[in-house]
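1. Quick one, structure for this:
(chains A and B)
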Amino acid sequence: MRRRLDWLQAGVVVAMLVLVLAPGAASWLIAYPAEWVVPITLWLNVFMSWCVDLAGPACRALSAALGVPMTAVRELLNWLPWSVTLTLATFVAWAASGWRLAAFTFFAILYMVVIGYWSESMNSLALVAISVPAAVGIGFALGALAFVSRRAERIITPTLDLLQTVPAFAYLLPILLLFGFGPVVGMIASVLYAFPPTVRNTRLGLSRVPPEVVEAGLMAGATRNQLFWRVRTPNALRQILLGVNQTTMAAFSMVIIASIIGGTADIGWEVLLTMRKALFGESLLAGIVIALMAMVMDRITAAAASAEPAPPGGNGRLRARHRNALIAVGLALGVALLASLLPFLEEYPEAWEVYPAQYLNDFITWIVVEHAKTINLIKRCAFFFVMLPVKTGLDQTVTPFTWGFEFTAPLRAGYALLAAALVAWVAIRRGIGSASLIAFVAIMVYFGITRLPWPAMLAMTVLLGWRLGGPRLALGTAAAFGFLIVAGVWPQTLLSFYLCGLAVLLSFTVGTALGILASELDGVSAFVRPINDTLQTMPLFVILIPFVMIFKIGEFTALLAIMAYAVVPAIRYSEHALRSVPADVVEAATCFGCTRGQLLWRVKLPLAMPVIMLGLNQTIMFAIAMLVIAALVGTNGLGQQVYIGLGDGDFGVGMVAGIGMAFIAMIADRMTQGLSRAREERFGLRAEV
Amino acid sequence: MDDRTPDAPQVKLSCREVWKVYRDEAAPYFRQEVSTGDPGALAARMRGDGAIPAVVDVSFDVHVGEIFVIMGLSGSGKSTVVRCLSRLVEPSHGEVRLDREDLLRKSDRELIEIRRHKMGMVFQSFGLMPHLNVFDNVALPLTLQGRPASERNERVSRVIRLVGLEGRESAFPRQLSGGQQQRVGIARSLAVEPELWFLDEPFSALDPLIRRQMQDEFLRIQHRLKKSIVFITHDFLEALRIADRMMIMRDGRAVQVGAPVDLVLNPADDYVAEFTEDVPMVRVLKASDVLDPSQAVEAGMPREDADLSVENLLPRLARHRGGIAMMRGGESIGVVTAASVIAALAQEKQHRAGTDAPPSVRRGDSRPG
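-> Residues are numbered from 1 along each chain as shown, chains lettered A, B, ... in the order given. This is a model prediction of the structure:
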């Protein structure tokens, strides 16, 4: 089978080479003809308007009903004096984790007050405060259902996969169409986007309760209900709370994304608005608010998940259990009383606000002007020498204007010879399969990813799917890519491929290198970790801001933003993988005289490979997630399509692109998992992260 | 497998022809063939069909107040047997009777009642609730029953005292050592004052020293409470130490049932013999097993209990060369001399070394009458 696959692959590469080189090759083989496009977009729009006609009124009623608690919470949070909210949040942080987090929370919230984004922040918080309990409730119920019933699980799990891989933007449109404008849309979207982690973790937690604990419960004579609520659920609680943490973060990031609809007057809207006006100082200040809110929420919920059970309190159990709640109420009342005496505690005076946006803008302008040459050089280098060759190929990129010389016939022949030699060498060393992959890459670099014939790309990916995941994955790949081709978004798909692939390649290389360094040097590890934590909790929006400030909009900025986000898992997984190589293996290797370098290259890296491959998987997922957001700063491709769909209210366009991206993400996920599994099996290891 | 003893003790729990087959396409077998054919052959056929017979035709009785040990290596089906007895695992076939009532016919509700009042179980990896402290863990079965707090507190403190954990009530399981955690497990299983007590490898996860200590503790507790016990272990020496009677299992089948001495002296097959090989004979043999038939009881002889182990008899023999009179029920049953002990040990040694030589020292043989 393997051999036959190798030869098939080689055949595809040869056919492709003939196709691109043959001067009069049928044009329908290069670019998918427009006449062949199936009007899926149209059908989707018809279907959607049918849905809106059918379910619209009910949805709008629901929306109005949901608006009531929504508004109530919003009013409440805005009505509370800032000093009371500040005190309560600080106290919660202290109770969950200790004085360090309390101090961080205190200053984070103080920042929101001082900078003058208080009511915007509270509006965002209100959305989160409503959608998190809803998402957790739904998530817990579904997770428990999936645990109890196998049949339910078989429906729930793939649905979750889809919900989590469809880009967040694509959610917004159908909800918008069904539920109408307003903050409720943001809330519904964030519930939908945020509940899957709770489902997963609930199911996982429940199924991981040790069998003996369950048996102990049974032998103690627990009824079905008692077993679930008093044995299984408390034992799974930690895992469930981990899910709540992820749900909170997802809800918050969706709340921010949803502000693109407008009309919410929240902090995400503030960022967008200022970014559109190119007021980068302002958008940075608002972005910091988002980042701080995200970090505070993350740290508090994470601390709650890992907290030890409260120490029991003898007879006064009731009072002990509610001690913290009592203190909190007391504190709140005290501060409220104080606020009624000192008005500045009630409402922060505008005169005291510090808003250094102007200085920031000046500073940025100064940087951009002062270092214009350097910035331009970086941009041009990256564009001409890295991005364009991948996009349109050396064939078109190498000109006197870009590279400083002509791509003459001898040079082309030289490239071809070099590539042929490399392919031949690899064919001898590693076999036909690897050689044909190399040949594919060589051809791609010459002609550019966007100019490759679609049948060849399709065949190549399907074969790759077969190789990594067997016939089922091959079939799935064929279906997914077939959908993208038939729906007529193949050119956009290729553009997404190009940007995303490049970002993944670069961030995986950089990230793995950093991860290796961090695993070897504790200093690097200590330095990298907080940066990673921050980047990972940051809503995707915010990551864009600094890059846009310096490099303005464009593909290069998008690339950098995607990399900044996607580099994190690569670093994390490779460091974790290398550090968790079994100590006895390392000791044995040291004993028979490995140098540090040999230890790393010959012992640790091979053993760590499966987990590093999982890191690649996550890198790809992160990159795809960021791709849509990056469309805001000017890229073409599927992300842009989703955005266009949202902007024009064209459900079909947005949905095709959104589903397409979800398909790509799922295929990439299965392929890299296949890669990791193959390595695992070879070593008899199991990767657990 | 006849395990009746002369004084016909009262049976607490009895199981007959119990089978547990996983991947249960085996149901058709049971309708026709189970009581007629050879169980071994039937199990082999099931394996051939891809089913997993974990328990094969197991029958035994547990008497009131005795410690019944099920011993076997991992995968022998011993844990499945004990779970069949408590119906944590539903047997595929057979009969389990508790106090003469058919346990397998009980409804879920009745079963919960039985578990709440008649059964207690201790688990190998303790099965404690990590979110509850020691007190609440022990109290859990009573809490689930909805017992009033006063009764609960009284009972819980009693069992916590019994296992020697006073003062650690508010600790959480993770703050305790393995031995202490298992004490919590034991206390919890005793909190409902069960009549039938299951212990599934309770000491296997503990260090050897702690294990020994816990065995003593367990015997002390049992000496006071006199429960009917089913005790699972993979450690033959542990089984010998605590068993009144024991059953050896292999591949789901009961290989031999009997008192520890019977097993050591009369291993049913090579498999059992392999376990008994390393057992020091002086510990297993009792004084009554090594009587010297040629000696008559004399008036001035020191006297000892005939149930004393040879190991404990040796120091006294060293001082009384003339022999010691063995007493049972106030009557002397014979005399043990240094020579008779040596002869018996030597014979047993020979018997173990030689493969098919008929064993000459037999408990029954050496008993008068």
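
2. Mind splitting the chain into its structural domains?
-> You didn't say which chain, so I picked chain A. A:81-115+A:323-362, A:130-304, A:490-683 (automatic domain parsing).

3. You answered for a different chain; I wanted chain B.
-> Following automatic domain parsing, one gets these domains for chain B: B:11-118+B:194-276, B:281-366.

4. Of all the residues in stretch B:75-86, which ones are buried?
-> Residues of stretch B:75-86 classed as buried by neighbour count (16 or more other C-beta atoms under 10 Å in any protein chain shown): B:76-86. C-betas here are computed from N, CA, C, even on glycine.

5. out of those, who's nearest A:P610?
-> B:S79 (33.0 Å; C-beta to C-beta).

6. which residues touch the closest one?
-> Applying C-beta atoms under 8 Å, 6 or more residues apart in numbering or on different chains, one finds that B:S79 lies in contact with B:200-201, B:232.

7. Kindly report the same for B:R283.
-> Here B:R283 is in contact with B:240, B:309-311 (criterion: C-beta under 8 Å, 6+ apart).

8. so what's B:G329 scoring on pLDDT?
-> With respect to pLDDT, B:G329 scores 75.

9. And for the one 3 residues further on?
-> The score at B:S332 is 79. That number is its pLDDT.

10. now A:M444
-> With respect to pLDDT, A:M444 scores 83.

11. what about the closest residue to it other than its chain neighbours, distance to chain B?
-> Leaving aside its sequence neighbours, A:M444 sits nearest to A:L452 (C-beta to C-beta, 6 or more residues apart in numbering or on different chains; 6.3 Å). The gap separating A:L452 from chain B is 49 Å, by C-beta to the nearest C-beta, to the nearest Å.

12. how deep is A:R380 tucked in, by neighbour count?
-> 12 (other C-beta atoms under 10 Å in any protein chain shown).

13. I'd like the distance from it to chain B, if you could.
-> According to C-beta to the nearest C-beta, A:R380 and chain B sit 59 Å apart.

14. is it true that that residue lies in a helix?
-> Yes: according to DSSP: H, G, I helix; E, B strand; the rest coil, A:R380 belongs to a helix.

15. In terms of pLDDT, where does it sit?
-> Listed pLDDT for A:R380 reads 85.

16. How about A:F228?
-> Model confidence at A:F228, given as pLDDT, is 93.

17. and the residue nearest to it when sequence neighbours are not counted, what is it in contact with?
-> Nearest residue to A:F228, sequence neighbours excluded (C-beta to C-beta, 6+ apart): A:A144, at 7.6 Å. Taking C-beta under 8 Å, 6+ apart, we find A:A144 in contact with A:202-203, A:206, A:228.

18. helix or strand for A:A144, which one?
-> Element membership for A:A144, per DSSP states H and E: helix A:118-148.

19. need the next SSE after that helix, C-terminal direction.
-> helix A:150-165.

20. Determine the set of other helices and strands touching that following helix.
-> Where contact means 3 or more C-beta pairs under 8 Å, 6 or more residues apart in numbering or on different chains; DSSP states H and E, helix A:150-165 is packed against helix A:118-148, helix A:183-207, helix A:651-683.

21. Can you mark which positions in the second one are buried?
-> Going back to what we said before, that points to helix A:183-207. So helix A:183-207, judged by 16+ other C-beta under 10 Å, has buried residues A:183-206.

22. Just give me the neighbour total for residue 107.
-> You didn't say which chain, so I picked chain A. With neighbours defined by other C-beta under 10 Å, the count for A:F107 comes to 12.

23. that answer is for a different chain, and I need it for chain B
-> Close neighbours of B:S107, defined as other C-beta under 10 Å, add up to 8.

24. That one and B:E195, how far apart?
-> For B:S107, the distance to B:E195 equals 20 Å [C-beta to C-beta, to the nearest Å].

25. Then A:A351?
-> Separation of A:A351 from B:E195 (C-beta to C-beta): 80 Å.

26. I'd like the mean pLDDT over the one helix or strand A:A64 maps to, please.
-> Element membership of A:A64 [criterion: DSSP H and E] is helix A:40-79. Predicted confidence along helix A:40-79 averages 86 (mean pLDDT).

27. Looks to me like B:V257 is in a strand.
-> Yes: counting by three-state DSSP, B:V257 is found in a strand.

28. What's opposite it in the beta bridge?
-> On the basis of DSSP bridges, B:V257 is bridged to B:M247.

29. So which helix or strand of chain A has the lowest pLDDT on average?
-> Least confident helix or strand of chain A, by mean pLDDT, DSSP states H and E, is helix A:317-321 with a mean of 57.
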